[in-house]
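Asker: what follows is a predicted structure for the sequence shown.
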Amino acid sequence: MKTRIYDADLKDMLVEAHYPDWFKDRDADILERSFSADIFLGEGNYKEVYFEGVHIGYGNLELSKNTVIHFESDFETVEMHFALHGTTTASSDYFKETIKFSPGSHNIFYTNGFTGMAEWSSRFPLRIFEINMTPTFFEKYIPNGNTLFKEFKKSMLFKKTAILSQRNYPITLEMYTIINEIIQCERKGLFKRIFLESKVISLLLLQLEQIDSYNSDTTHQSLKPEDIEKMYAVKEMLDMNFKKTDTLIGLAKKVGTNEYTLKKGFKELFGVSVFQYWKGLRLETAKSMLYEEGLSVQEVSRKIGYKNPQHFTTAFKKQFGVVPSKLTAGS
């Protein structure tokens with residue numbers, strides 16, 4: 001099993017990654033490795049974690065210019081793809097049309113040997129997260145009933161490359177939380193594998209539930225395409241500068257809509273209100289700072305925009321069920 005990545009002219013092979021069959025290694029419960037992003041004319045890295053039936057990959061890239069790559073793989077897989085930040089456009093002869101991933105969107109693919117092309121925009125840093133599963137692993141969890149799921153299972157049955165839906169779906173705060181837990185996991189060996197496998201299943205559950213809901217509930221059809229773009233624009237503003245406080249009216253004006261449409265549309269698209277998303281984003285960032293940087297509660301409180309550390313402590317405990325001081329170094 002292998003994946004190859006080539007430059008835009010198909011002259012140079014940039015990466016060739018080999019994997020054991022079905023990601024299973026006889027000598028280890030879990031395997032990890034990383035690649036430098038220098039080969040993509042930028043800075044950053046891409047990390048991989050894999051074990052029997054599951055491959056997890058994630059990376060951060062800052063490109064010096066728009067970059068086009070060609071890629072190919074020779075194995076059968078189902079991929080949960082999450083575009084956390086930045087814009088990616090993907091195309092292949094297997095797909096009817098070009099697929100564009102905007103920041104904060106996700107979808108699911110099935111491929112059986114695959115070649116295609118991706119264009120990465122250099123306008124914003126690119127942050128991606130993807131999980132590959134064997135079809136056997138995935139088939140245990142895909143539900144019946146929804147037409148999209150039926151057609152996807154049919155494609156898998158006939159070994160035909162497919163995308164679950166022609167539209168992408170918004171990454172919710174709950175999904176972000178699980179993704180961050182996967183990335184930040186510091187367990188080792190079999191314990192890490194057990195933890196990651198449970199999180200992969202939880203994340204897949206959220207994806208499938210959301211896709212099922214959006215395709216069986218007509219309330220999600222009330223947003224116009226231009227309104228959806230504005231909701232994503234507001235979300236990106238919050239992601240880029242979560243410490244800055246702004247009113248709903250102010251945010252609405254910046255993207256060319258009104259307060260009512262913003263409140264209704266954001267909740268409909270992402271499952272939480274603008275305030276809930278903004279608050280959750282700050283607290284998730286705080287948790288990362290406490291875990292990874294060893295900062296004090298007072299320092300973290302200030303960095304994420306809380307003027308009063310006690311207010312921060314109260315909000316943190318309400319969100320995570322534990323006071324932030326329990327997560328600092330040496331506690």
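Answerer: Looks like it came in fine.
Asker: neighbours around residue 17, how many?
Answerer: 16 (other C-beta atoms under 10 Å). Placement of C-beta: from N, CA and C, glycine included.
Asker: show me where the stretch 201-331 of the chain has helices.
Answerer: 225-240, 248-255, 259-270, 274-292, 297-303, 309-320 (DSSP state H, counting those that start in this stretch).
Asker: save those helices as CSV, and put in mean pLDDT, mean neighbour count and distance to residue 182 too.
Answerer: Below are these laid out as CSV (pLDDT from 0 to 100; neighbours: other C-beta atoms under 10 Å; distance: least, C-beta to C-beta, whole Å):
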stretch, mean pLDDT, mean neighbour count, distance to residue 182
helix 225-240, 81, 17, 19
helix 248-255, 89, 16, 30
helix 259-270, 85, 18, 20
helix 274-292, 79, 19, 13
helix 297-303, 84, 18, 22
helix 309-320, 84, 16, 17
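Asker: could I get the ones you listed as a markdown table with distance to residue 63?
Answerer: What follows is the helices of the stretch 201-331 of the chain, written out as a markdown table (distance: least, C-beta to C-beta, whole Å):
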| stretch | distance to residue 63 |
| --- | --- |
| helix 225-240 | 17 |
| helix 248-255 | 25 |
| helix 259-270 | 27 |
| helix 274-292 | 24 |
| helix 297-303 | 27 |
| helix 309-320 | 34 |
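Asker: next one, pLDDT for the closest residue to residue 123 other than its chain neighbours please.
Answerer: Nearest non-adjacent residue to residue 123, counting by C-beta to C-beta, 6 or more residues apart in numbering: residue 87, 7.0 Å away. With respect to pLDDT, residue 87 scores 82.
Asker: and what of the one 10 residues further on?
Answerer: Here, the pLDDT recorded for residue 97 equals 75.
Asker: sec struct for the residue nearest to it when sequence neighbours are not counted, please.
Answerer: Spatial nearest neighbour of residue 97, excluding adjacent residues (C-beta to C-beta, 6+ apart): residue 166 at 7.7 Å. Of the three states, residue 166 takes coil under DSSP: H, G, I helix; E, B strand; the rest coil.
Asker: from residue 266, how far out is residue 166?
Answerer: 23 Å (C-beta to C-beta, to the nearest Å).
Asker: and for residue 30?
Answerer: Noted for residue 30: a distance of 38 Å to residue 266, by C-beta to C-beta.
Asker: ok, the residue nearest to residue 123 touching residue 100?
Answerer: Yes: using C-beta atoms under 8 Å, residue 87 makes contact with residue 100 at a distance of 7.1 Å.
Asker: mind checking which of those two has more residues around it?
Answerer: Using other C-beta under 10 Å as the criterion, residue 87 and residue 100 rank with residue 87 on top: 18 against 14.
Asker: list the contacts of the more buried one.
Answerer: Residue 87 is in contact with 100, 101, 102, 103, 120, 121, 123, 124, 126, counting by C-beta atoms under 8 Å, 6 or more residues apart in numbering.
Asker: now do the closest residue to the third one other than its chain neighbours against residue 262, distance only.
Answerer: Closest residue to residue 102 apart from its sequence neighbours, by C-beta to C-beta, 6+ apart: residue 232 at 5.5 Å. As judged by C-beta to C-beta, residue 232 and residue 262 stand 12 Å apart.
Asker: now the protein, which segments are flagged as low pLDDT?
Answerer: Where the chain drops to pLDDT under 70, the residues are 8-11, 37-42, 216-222, 243-245, 291-294, 327-331.
Asker: can you pull out the strands in it?
Answerer: For the chain, the strands defined by DSSP state E cover 2-6, 13-18, 31-36, 42-51, 54-63, 67-85, 88-91, 99-101, 105-120, 126-133, 162-163, 169-170.
Asker: turn these into TSV, including distance to residue 258.
Answerer: Supplementary listing: the strands of the chain in TSV, determined by distance: least, C-beta to C-beta, whole Å:
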stretch	distance to residue 258
strand 2-6	44
strand 13-18	46
strand 31-36	45
strand 42-51	38
strand 54-63	35
strand 67-85	27
strand 88-91	31
strand 99-101	27
strand 105-120	24
strand 126-133	31
strand 162-163	34
strand 169-170	20
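Asker: can you report how many residues lie near residue 212?
Answerer: Residue 212 has 15 nearby residues by other C-beta under 10 Å.
Asker: for it, what are its contacts?
Answerer: Counting by C-beta under 8 Å, 6+ apart, residue 212 touches 143, 145, 146, 149.
Asker: cutoff 6 Å now
Answerer: Residues near residue 212 by C-beta atoms under 6 Å, 6 or more residues apart in numbering: residue 146.
Asker: I'd like to know how far it sits from residue 136.
Answerer: 22 Å.
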